[in-house]
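Asker: my questions concern the predicted model and sequence given below.
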Amino acid sequence: MSGKNRSFSSQFRASVAERILNGESVSAISAEFVIKRTVLYRWRDAYCKDGLAGLQRRVGRPPRGDSPPRPSVANPKEAAQAQIAELQRKVGRQALEIDFLRRAFKRVEESRRKSGKDGVKASMERSGK
């Protein structure tokens, strides 16, 4: 039996999800019904998250990802607060980068002092230039 273009009732999907949750092997269920394991895991996750409602067949294009809604221009206070929060996150990331680079530079300087060399390439020292 071909696995293309088959549709399953939400009750069937729920029964399969319950079998998985009761410890049955996903591989065995996959072989029994000729359904990809990834589909079975998707059913299980949807059933755990939303119960039978999570397994209802949706018509049309799936919704976009769970990205937070952007503040509307109609509410300038929310837009300003969102912009401030984004800028604060950016400043925090930049502060971490600066701190990292300072520590790396300090290590390089310390290793140069310990070696007693002023940064001249080793190849130039050996050749006598």
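Answerer: Received, thanks.
Asker: could you use CA atoms for every contact and neighbour count after this?
Answerer: Will do.
Asker: in this structure, which spans are helices?
Answerer: 10-21, 26-33, 37-50, 76-115, 122-127 (DSSP state H).
Asker: closest to residue 57 out of the ones you listed?
Answerer: helix 10-21 (7.3 Å; CA to CA).
Asker: now the closest one: average pLDDT?
Answerer: Averaged across helix 10-21, the pLDDT comes to 92.
Asker: can you redo the helices of the chain as CSV with mean neighbour count and distance to residue 56?
Answerer: Listed next are the helices of the chain as CSV, based on neighbours: other CA atoms under 10 Å; distance: least, CA to CA, whole Å:
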stretch, mean neighbour count, distance to residue 56
helix 10-21, 18, 6
helix 26-33, 14, 19
helix 37-50, 16, 10
helix 76-115, 12, 35
helix 122-127, 8, 70
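Asker: can you flag the weakest of these by average pLDDT?
Answerer: Here the lowest mean pLDDT among the helices of the chain goes to helix 122-127, at a mean of 54.
Asker: can you put the helices of the chain in CSV and add distance to residue 57?
Answerer: Listed next are the helices of the chain as CSV, based on distance: least, CA to CA, whole Å:
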stretch, distance to residue 57
helix 10-21, 7
helix 26-33, 19
helix 37-50, 11
helix 76-115, 35
helix 122-127, 69
